[in-house]
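Here's a sequence, model it:
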Amino acid sequence: MTKRTTTLRLLVTPWTLILIITGLFQLFRGAPIDAAFFLCVAALLVADAAGLIRVAGIGQPGLAVLLGAAAALGTLLVLVPRHGIVEGLIVAGIGLTVLLFAWPSPDRPSTAGADAMPGAVRRAAILWSAVGVATCLWEVASFLLGLPSAAAEAAHPSISLLLDPAVDTVVGRIVFVALWLLSGIALLRRGQRQ
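Take a look at the predicted model:
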């Protein structure tokens, strides 16, 4: 395989395409800050894959550090107002930090292709990808069907609207934030072992 083919293959990885599509959708729905975030991360992935820049991932800290950071950030996420600037900055900071933890180091062989995955991991990746795509399609369909009016939005609720009553309570918010952060730590540690 030539270097050009390898670079082209890296440029069109599913993650890059997902980030680009998500960024464009955020532009369409009128969320330019969200769009800029997703599109900038996609641009970074493309530039790194093309060799224009070299981003070196940082080593992942131990479980105790991750759990401590999750407890501190989770507490902040529960205490700050929902959908506010502070919450957005915390979530963006978590996303960027995790991206650096997961970013492949130049000396580590790439496992971007499905061929490099063991059978069980490949099957799990396909299953979770299907769940992710179905969830995204539900969200997009709900958004588009809810555009005409408030009544249409109520008739076609998004997942976030369905979760709002639970997440609007302190207990619900604690449970949601804890599950979100613990799931992220589990995925990060699982990915590090691969």
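
separation between the spatially most central residue of the chain and W180?
Nearest residue to the geometric centre of the chain (CA atoms, centre = their mean): G95, 6.9 Å. To W180, G95 is 12 Å away according to CB to CB, to the nearest Å. C-beta coordinates here come from the backbone N, C-alpha and C atoms, glycine included.

Does the residue nearest to the centre of the chain lie in a helix or a strand, and which?
Using DSSP states H and E, G95 maps to helix 85-102.

Next, the buried residues of that helix.
Judged by neighbour count using 16 or more other CB atoms under 10 Å, the buried positions of helix 85-102 are 90, 94, 98, 101.

Just give me the neighbour total for the closest residue to V140 other than its chain neighbours.
The shortest distance from V140 to any non-neighbouring residue, by CB to CB, 6 or more residues apart in numbering, is to F25 (6.9 Å). Applying other CB atoms under 10 Å, we find 17 residues neighbouring F25.

how does this protein divide into domains?
Taking automatic domain parsing as the criterion, the chain consists of the domains 1-55, 60-108+171-194, 115-157.

contacting residues for I159?
By CB atoms under 8 Å, 6 or more residues apart in numbering, I159 lies in contact with 135, 138-139, 142.

Sitting in strands, which of these do you find?
Assigned to strands by DSSP state E, none of those qualify.

wait, doesn't V55 sit right on V46?
No: assessed by CB atoms under 8 Å, V55 is found out of contact with V46, at 11.4 Å.

So for the residue nearest to A141 when sequence neighbours are not counted, what's the pLDDT?
Closest residue to A141 apart from its sequence neighbours, by CB to CB, 6+ apart: H156 at 7.2 Å. At H156, the model reports a pLDDT of 89.

give me phi/psi at H156?
Backbone torsions of H156, given as degrees, to the nearest 10, read phi -130, psi 70.

and R82, which of the three is it?
Following DSSP: H, G, I helix; E, B strand; the rest coil, we place R82 in the coil state.

quick one: contacts for it?
For R82, the contact set (CB under 8 Å, 6+ apart) comprises 167-168, 173.

What of T135?
Contacts for T135 were tallied using CB under 8 Å, 6+ apart; they are I159.
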